[in-house]
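Enquirer: fold the following for me, if possible:
(one chain, ligands or ions: 1)
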Amino acid sequence: MQITVIGCSPAWPNAGGAQSGYLVEGDGRLLLDCGPGVLARLREAANGWPVLDALAITHFHLDHWGDLVPWIFGAAFGPGSDVPKPELWLPPGGDEKLRAYGRQLSFVDQIDMAFDVREYEDGAPFQAAGFNVVPISLEHYSELTFGMRVTNHEGTLAYSGDTGPTPKLTELARDADLFLCEATLLEPEPSLRGHLSEDEAIEAFQTSGAHRLVVIHRPDERPLSRPLELAADGDVLTF
Ligand SMILES: [Zn+2]
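Expert: Numbering: from 1, shown residues only. Predicted structure coming up:
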């Protein structure tokens, strides 16, 4: 399995960075999240329009799905019309949510030209791009949000998406070969939780038994205080 960090910026972009997008390649090609800046990077790598089997979106904060909008326009009116439609896996209720945004932002009539839209369910495995994917709901303020556990014959990737501390992170990343875990915060939030501090990411990693931790979604303004592995756009991770 090969994972390319297309973009790993937090809710605001790091300098020169793209927001969340992680390309997972095995027998097929699966993109986890599609934040602003991701499509341009994928176009650069593809020297054309990206050809994917599936995309999966963890939640509807814009930094995790915003580039679906230009993707839809490019597939309807541009070079994306020449490539097969990928599956687009959304959280429960996501189909209607995307269409509601589409009605507001004038892309609703083009959605089905771009994507084969599907919804996953909490804890229910689905098959996408040759991977077994288990979405697990996590703690992210009031937003319905999922982490993704992606497995094939070579091993398991765990992707936290955005989350505060929860025992479900342990379940998500249990014995994974690679744990892409967010550590957005300098200090834990005082009340309603939605992100992790560095210490909390380490704790989730240690309790999970995952083999390798790579920190994502970290603002440049908040350097890590320990020698953890920190993702950078363009990194290629394999196992
Ligand atoms: Zn978020």
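
Enquirer: and residue 22, helix, strand or coil?
Expert: Per DSSP: H, G, I helix; E, B strand; the rest coil, the local secondary structure of residue 22 is strand.

Enquirer: find the nearest non-adjacent residue to it, please.
Expert: Once flanking residues are discounted, residue 22 sits nearest to residue 32: 4.4 Å by C-beta to C-beta, 6 or more residues apart in numbering. C-beta: built from backbone N, CA, C; applies to glycine.

Enquirer: so the one you found touches residue 52, yeah?
Expert: No - with contacts counted by C-beta atoms under 8 Å, residue 32 stays clear of residue 52, the gap being 11.0 Å.

Enquirer: contacts only, for residue 131.
Expert: Going by C-beta atoms under 8 Å, 6 or more residues apart in numbering, residue 131 touches 24, 26-28, 30, 150-152.

Enquirer: closest one to residue 112 out of those, please.
Expert: residue 30 (20.2 Å; C-beta to C-beta).

Enquirer: the closest one: how many residues sit nearby?
Expert: 27 (other C-beta atoms under 10 Å).

Enquirer: buried residues in stretch 41-61?
Expert: By neighbour count on 16 or more other C-beta atoms under 10 Å, the buried set for stretch 41-61 is 41-42, 49-50, 52-61.

Enquirer: doesn't residue 116 make contact with residue 85?
Expert: Yes - Residue 85 is in contact with residue 116 according to C-beta under 8 Å; the separation is 5.2 Å.

Enquirer: of the two, which one has the most company?
Expert: residue 85 (15 against 12).

Enquirer: enumerate the residues of the chain near the ion.
Expert: Residues of the chain lying close to the ion by C-beta under 5 Å from the ion are 61, 162.

Enquirer: which stretches in the chain count as strands?
Expert: 2-7, 21-25, 29-32, 54-56, 87-90, 116-119, 126-128, 131-137, 146-152, 155-159, 178-182, 213-216, 236-238 (DSSP state E).

Enquirer: how about the ones you listed in JSON lines, adding mean pLDDT and distance to residue 15?
Expert: Below are those laid out as JSON lines (pLDDT from 0 to 100; distance: least, C-beta to C-beta, whole Å):
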{"stretch": "strand 2-7", "mean pLDDT": "98", "distance to residue 15": "13"}
{"stretch": "strand 21-25", "mean pLDDT": "98", "distance to residue 15": "17"}
{"stretch": "strand 29-32", "mean pLDDT": "98", "distance to residue 15": "23"}
{"stretch": "strand 54-56", "mean pLDDT": "99", "distance to residue 15": "26"}
{"stretch": "strand 87-90", "mean pLDDT": "98", "distance to residue 15": "30"}
{"stretch": "strand 116-119", "mean pLDDT": "98", "distance to residue 15": "34"}
{"stretch": "strand 126-128", "mean pLDDT": "98", "distance to residue 15": "33"}
{"stretch": "strand 131-137", "mean pLDDT": "98", "distance to residue 15": "32"}
{"stretch": "strand 146-152", "mean pLDDT": "98", "distance to residue 15": "27"}
{"stretch": "strand 155-159", "mean pLDDT": "98", "distance to residue 15": "24"}
{"stretch": "strand 178-182", "mean pLDDT": "98", "distance to residue 15": "19"}
{"stretch": "strand 213-216", "mean pLDDT": "98", "distance to residue 15": "16"}
{"stretch": "strand 236-238", "mean pLDDT": "98", "distance to residue 15": "21"}
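
Enquirer: residue 13 is nearest to which of these?
Expert: Comparison of the strands of the chain against residue 13 by C-beta to C-beta identifies strand 2-7 as nearest, at 8.1 Å.
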